[in-house]
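[1] below are the sequence and a predicted model; questions follow.
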Amino acid sequence: MGGLKNLSQWLTWQENLHSQEIDLGLERIQRVYTKLFPNGVPFATITVAGTNGKGSTIAFIESIYQKSPFKVAKFTSPHILNYNERFSVNNAQATDGQICTAFEQIELIRGDISLTYFEFSTLAALLIFAKQKVDIAILEVGLGGRLDSTNVVNTDVAVITNIAIDHVDYLGDTRELIGHEKSGIMRANTPCVCGDVNPPDSITRYANTIGAWLEFVQHPYTGLISLKGEHQQQNAALAALCVDKLNNKFKVSKQAIQQGLAAAQLNGRFQIKNINNKQFIFDVAHNEAAVKALTKELAKDEQPTLAIFSALKDKNISSMIKAISPLIDQWLLAPLTVHRAADMSFLVDQFPLKESVRSCQSMSSAIEQALQQRSNQRIIVFGSFHVVADALKVLK
């Protein structure tokens, strides 16, 4: 691959290398991983699965370790504004050069094994973190758990945030089935912590079958945090429990835990910006459970609200709209440029009352209209990572 000079060329090439965008299974990546890391990765790992709350829980864990002497890395997806966000070491994003060097290493060793875009990024993360000699890496599961490429690593602590209905084509259409898929990140004689307040039985069953040490969060965290929403108190408690499980190897003081939880920040989770005397709230909520949590937070301060919304076609869009509709006075629908996007006429059809819904030509047109109207001071931008990314790019 001598012709690939820069990061965007590499990413375009990767997008077209493998026939399917999502192709779950560990057989291909396992072969490459074993060549790159014959003895496994040289750092401790925390693997985080769950339907919602993965990003927030990871932000809490990372923030705690940043208040300690340990070098901590995180691999997350998808990104909001640029690909480099996926890889961070002590809160600094990887450079284009570091990422391209990792890609070159993978390409040298891959042979004829076809890898997906996500498998490339997973392996690149592990190479970058090894080179930077991190102590702990937090890995966010892309989809499910059992067959996700992050599961190629034998984790030191498995974390399951919660189980809700999403990605039914890949993971099943019940919480029990989805719980089983997420449980696949557990390992025998290794801690697993879970933050679900009403966990499906499949999680306990799986832990018992393989002999993992499973523990559930008993109470939400009651201390100070800066991420908004009651569900974030639960995620904070889960993060603290996770850190506790590694405490014999990576000792963290109670004070570091409190400071870390208080300091954690995360873009796109009830992120507030004031623009032209209007309050914009950006939230990546993209399934019914996440939208319900968002609705609960919005309801604490009821006021006329406009929504800028779009979604991917494989989501249960009508249930998302139904969950938040009572709080929304006006809707502006913006098209997404990704191929999994729901088309505009389909989106409009999901609204029982059409008079408060308007389709826009583009995200910039939606934002322009939102800023011009006078009746709603609060504007919520949600429905997908892509919606938030597009909006933030326009508003830059």
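    Okay, I see it.
[2] which secondary element of the protein has the worst mean pLDDT?
    Here the helix or strand of the chain ranked lowest by mean pLDDT, DSSP states H and E is helix 168-171, holding a mean of 64.
[3] show me where the stretch 51-200 of the chain has helices.
    54-66, 96-110, 117-131, 168-171, 175-183 (DSSP state H, counting those that start in this stretch).
[4] quick one: the third one to helix 96-110, angle?
    This means helix 117-131. 110 degrees (axes from the mean of the first three to the mean of the last three Cα atoms, to 10 degrees).
[5] alpha carbons only: can I get helix 117-131 in PDB?
    Output in PDB follows, covering the C-alpha atoms of helix 117-131 (Å, rounded to 0.1, in the frame of the first residue of the first chain):
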ATOM      1  CA  TYR A 117     -12.900  -0.300   8.800                       C
ATOM      2  CA  PHE A 118     -13.700  -0.900  12.500                       C
ATOM      3  CA  GLU A 119     -11.200  -3.900  12.700                       C
ATOM      4  CA  PHE A 120      -8.500  -1.700  11.300                       C
ATOM      5  CA  SER A 121      -9.200   1.000  13.900                       C
ATOM      6  CA  THR A 122      -9.300  -1.500  16.800                       C
ATOM      7  CA  LEU A 123      -5.900  -2.900  15.800                       C
ATOM      8  CA  ALA A 124      -4.500   0.600  15.300                       C
ATOM      9  CA  ALA A 125      -5.600   1.600  18.700                       C
ATOM     10  CA  LEU A 126      -3.800  -1.400  20.300                       C
ATOM     11  CA  LEU A 127      -0.600  -0.600  18.400                       C
ATOM     12  CA  ILE A 128      -0.700   3.100  19.300                       C
ATOM     13  CA  PHE A 129      -1.300   2.300  23.000                       C
ATOM     14  CA  ALA A 130       1.500  -0.300  23.100                       C
ATOM     15  CA  LYS A 131       3.900   2.100  21.500                       C
END
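[6] pLDDT on it, on average?
    In this model, helix 117-131 has an average pLDDT of 97.
[7] and the contacts of that helix?
    Helix 117-131 has contacts (Cβ atoms under 8 Å, 6 or more residues apart in numbering) with 11, 14-15, 17-18, 21-22, 28-29, 32-33, 36-37, 41-43, 73, 75, 77, 86-87, 89, 94, 98-99, 102-103, 105-106, 115, 137, 139, 142, 149-150, 152-153. Every residue, glycine included, has its C-beta placed from N, CA and C.
[8] that helix: how far from the chain's middle?
    The chain centroid and the centroid of helix 117-131 are separated by 17 Å under Cα atoms, centre = their mean, to the nearest Å.
[9] residues of that helix that come out buried?
    117-130 (16 or more other Cβ atoms under 10 Å).
[10] which one of those sits closest to residue 273?
    When these are ranked by distance to residue 273 (Cβ to Cβ), residue 121 comes first, at 28.2 Å.
[11] distance of the closest one relative to residue 237?
    Noted for residue 121: a distance of 30 Å to residue 237, by Cβ to Cβ, to the nearest Å.
[12] one step back: of the contacts of helix 117-131, buried ones?
    Of the contacts of helix 117-131, these count as buried by 16+ other Cβ under 10 Å: 11, 14, 18, 22, 28-29, 32-33, 36-37, 41, 43, 73, 75, 77, 86-87, 89, 94, 98-99, 102-103, 105-106, 115, 137, 139, 142, 149-150, 152-153.
[13] just confirm residue 80 contacts residue 386, I think it does.
    No. Using Cβ atoms under 8 Å, residue 80 is not in contact with residue 386; the gap is 9.3 Å.
[14] what secondary structure does residue 281 sit in?
    strand (DSSP: H, G, I helix; E, B strand; the rest coil).
[15] is it correct that it is in contact with residue 379?
    Yes. The pair residue 281 / residue 379 is scored as a contact, 7.2 Å apart, by Cβ under 8 Å.
[16] and these two? which has more neighbours close in?
    residue 379 (24 against 19; other Cβ atoms under 10 Å).
[17] any weak-confidence spans in this structure?
    1-3, 166-172 (pLDDT under 70).
[18] can you list the domains in it?
    Structural domains assigned to the chain are 7-263, 271-395, following automatic domain parsing.
[19] the longest one: how far from the chain's middle?
    So that's domain 7-263. 9 Å.
[20] go on, the last one?
    From the chain centre to the centre of domain 271-395 is a distance of 19 Å (Cα atoms, centre = their mean).
[21] before we move on, what SS does residue 214 have?
    Residue 214 ends up strand, using three-state DSSP.
[22] got phi/psi on residue 48?
    Taking degrees, to the nearest 10, you get phi -120, psi 120 for the backbone angles of residue 48.
[23] nearest residue to it in space, please, no chain neighbours.
    residue 159 (4.4 Å; Cβ to Cβ, 6 or more residues apart in numbering).
[24] that neighbour: neighbour count?
    With other Cβ under 10 Å as criterion, residue 159 counts 30.
[25] thought it was touching residue 45?
    No. Counting by Cβ under 8 Å, residue 159 does not reach residue 45; the two are 10.7 Å apart.
[26] secondary structure element for residue 232?
    Here residue 232, judged by DSSP states H and E, is contained in helix 230-245.
[27] show me what that helix is packed against.
    helix 54-66, strand 157-160, strand 191-194, helix 254-263, helix 288-298 (3 or more Cβ pairs under 8 Å, 6 or more residues apart in numbering; DSSP states H and E).
[28] do that again at 6 Å, thanks
    helix 54-66, strand 157-160, strand 191-194 (3 or more Cβ pairs under 6 Å, 6 or more residues apart in numbering; DSSP states H and E).
[29] brilliant, that's me finished.
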